[in-house]
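In: return atomic coordinates for the entry below.
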Amino acid sequence: MNNSKFTVEQIYTGCLAQGAYYITSNGEAAIIDPLRETQPYMNRLERDGVTLQYIFETHFHADFVSGHVDLSKKTNAPIIYGPNAACEFECISATDGQVFELGNVKIKALHTPGHTMESTCYLLIDENGQENALFSGDTLFIGDVGRPDLAQKAANMTQEQLAATLFHSLRNKIMTLPNDVLVYPAHGAGSACGKNMSKETVSTIGNQKLFNYALRANMTEAEFVKEVTNGLLPPPLYFGANVAMNKKGYDSFEQVFNNGMRALSVTEFEVAAEETGALILDTRENTTFWQGFVPQSINIGINGDFAPWVGALIGDVKQAIILITELGQEEQTVTRLTRVGFDNLVGHLEGGFEAWKNAAKDMDTVNRITAAQFANDVKIGENKVIDVRKESEYAAEHVDEAFSRPLADINNWVKDINPAEHFYLHCAGGYRSMMAASILQARGYHNFTEVEGGFKAISATSVPKTNFVCQSKVMS
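Out: Next comes the predicted model:
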């Protein structure tokens, strides 16, 4: 949004489905929900010749570590949360309705508890007193609202009680705003902070009243609670740790980044992995990884939803990690790990996997076949097939008689694998099934064959498929 008196820029990070906001007016700036790395914001402030006046946080984020602490130290701008925010660093806990002046405009805090109890939206009011834009955080998404189950322990409330609180926040604070007020949410489709988010990243209050199921006219509280809590998947393992880091503070991005950027020779890599007990994380493409990798490596490709999958599969942000990347991707990999709080980075293998290969070290491979080979070899009803896509993907269409075992739950279902029984493994396109394959092999399972190209490739073959079956087959 560009107005003669102010500008609003949405800075959207696709791999996290996260929106930060940069607002300027008459030489002053505010940033809402910044990412962990602060240098891009510092560069922007210098380029525009503006002073950062405020760092607004909509709530204690669970899915990423915000850059609020580092940014405040570098600029002296205060960190502002809503009511009930008990920070363990210096911050302002705004009162409901408190107004902050920014150049020619005002930003008004609207306390909207329900997703969390400190959740607060920020309303931009222009120089004419017109309500212009709402930065809605995780309270209101495009097509959805924030899930009410994440703050149960902190709030000492049930998810139903939090959902009821959210219902009233939306009705009393959000839906009463003018229909032409723009809605700028903290997340879009792909985030685990909601369940039905649109791919769109901006809307209006009026549009959301028409098309957002949770903002239906005449919707009762009981209906809202039932619909918002229905079908919630368990939150990723790292969410709690990220909340704690956002609330308590963390090591500087620069310190963590420098640790991750430490280049290790093959010998130093082996010693460091042994001494620290580090998990070896290989971020190369699945199309490359399967042909050769360091034994015990876990593959999570950087060219995908990398950071959320690291959080979901590794879980423990304190786990020491040592990296193998494509040459030139070290910096990107380290940065994306810090965004989700994986700060215990030992370093990376200098020269990448080629250095390991050239040193004639032991390698492992994954038994991968094409979809055509799979179609020729598999016997439905006789051979076991494991589908690691989401349950919703499986329900839409899957290989006949296949078992649904979502990748996100692998740490639970892996114990049910019979090491003496062969099975085929696939996802939608190969990205997730290679993660699963690497985890299985790291835990000693080699009794499977992974299918290149996943279900997309299988769909083009004659393998029998089942449509719209909503109940997963039980694995035995």
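In: which residues does Asn411 contact?
Out: Leu313, Gly315 (Cβ atoms under 8 Å, 6 or more residues apart in numbering). Heads up, the C-betas are built off the backbone N, CA and C, glycines and all.
In: that one: which element?
Out: helix 410-413 (DSSP states H and E).
In: mind listing what's buried along that helix?
Out: Ile410, Trp413 (16 or more other Cβ atoms under 10 Å).
In: again, but for stretch 279-295
Out: Those would be Leu279, Ile280, Leu281, Asp282, Thr283, Arg284, Glu285, Asn286, Phe289, Trp290, Phe293, Val294, for stretch 279-295 by 16+ other Cβ under 10 Å.
In: and that stretch, how far apart are its ends?
Out: One end of stretch 279-295 to the other measures 11 Å (Cα to Cα, to the nearest Å).
In: average pLDDT for that stretch?
Out: What stretch 279-295 shows for mean pLDDT is 97.
In: secondary structure class for Phe455?
Out: Secondary structure assignment for Phe455 (DSSP: H, G, I helix; E, B strand; the rest coil): helix.
In: contacts only, for it.
Out: Asp387, Arg389, Glu393, Glu397, His398, Val399, His426, Cys427, Ala428, Gly429.
In: neighbours around the closest residue to the fourth one other than its chain neighbours, how many?
Out: In other words, Glu397. Sequence neighbours aside, Asn467 is the residue nearest to Glu397 in space, at 5.1 Å (criterion: Cβ to Cβ, 6 or more residues apart in numbering). Asn467: 8 surrounding residues under other Cβ atoms under 10 Å.
In: which ones among the buried residues of stretch 279-295 lie within strands?
Out: Among these, the members falling in strands (DSSP state E) are Leu279, Ile280, Leu281, Asp282.
In: okay, now the spatially closest residue to Asp251 that is not a sequence neighbour: neighbour count?
Out: Once flanking residues are discounted, Asp251 sits nearest to Asp343: 5.9 Å by Cβ to Cβ, 6+ apart. Other residues near Asp343 come to 22 when the count uses other Cβ under 10 Å.
In: how near is Asp343 to Glu254?
Out: Going from Asp343 to Glu254 by Cβ to Cβ, to the nearest Å gives 12 Å.
In: and for His187?
Out: For His187 relative to Glu254 (Cβ to Cβ), the value is 27 Å.
In: these two - which one has more neighbours?
Out: His187 (27 against 13).
In: just checking, that one touches Gln18?
Out: Yes - with contact defined as Cβ atoms under 8 Å, His187 reaches Gln18; the gap is 5.8 Å.
In: how is the protein partitioned into domains?
Out: Following automatic domain parsing, one gets these domains for the chain: 2-240, 251-358, 368-467.
In: just how off-centre is the second one within its chain?
Out: Looking back up the chat, that one is domain 251-358. Averaging C-alpha positions (Cα atoms, centre = their mean, to the nearest Å) puts domain 251-358 18 Å from its chain's average.
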